[in-house]
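K.L.:
Based on what follows, work out the 3D shape:
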Amino acid sequence: MPDCIFCKIARGEIPSAKRYEDEDVIAFNDLNPQSPVHILVVPKQHIESAADITADNAHLAAKCFEVIAKLAKENNLQNGFRVINNCGPDGGQTVPHLHFHLLAGKKLSEKIV
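P.N.:
Numbering: from 1, shown residues only. From the prediction side, this is the model:
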């Protein structure tokens, strides 16, 4: 998608504070962090939301979770972390590109809303 901000970040057109990158996935610090550790993990292939995961692209969502586990270990998040995916406007998704928020670095509330 030419106008998608996460596609532009993945292509290197917009700078980001990268935490991980390979041929399928990029991870970078959120510009508006909600916790001391707030990393976005994004497949480079444009998938609009979790509602658009199919048998053909599910491996990319799985790869994102592999990266999340790697980042958790690298950041010593042994006390825990939270992974959030917002899907669609009513789910709070503001960027129409599949992405996962890795939140940690403090005790997070049990309440999500």
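
K.L.:
contacts and neighbour counts: CA atoms only from here.
P.N.:
Fine.

K.L.:
Hmm, Ala50 is touching Gln93, no?
P.N.:
No: judged on CA atoms under 8 Å, Ala50 makes no contact with Gln93 at a distance of 10.3 Å.

K.L.:
which residues are common contacts for the two?
P.N.:
Residues touching both Ala50 and Gln93 by CA atoms under 8 Å, 6 or more residues apart in numbering: 85, 87.

K.L.:
Pull up the pairing partners for the longest strand seen in the chain, direction included.
P.N.:
Using DSSP state E to define each element, the chain has its longest strand at strand 37-43. Partners of strand 37-43 in the sheet, by DSSP bridges, are strand 25-29 (antiparallel), strand 100-104 (antiparallel).

K.L.:
Show me the one of the ones you listed that comes nearest Ala55.
P.N.:
Nearest of these to Ala55, taken as CA to CA: strand 25-29 at 17.8 Å.
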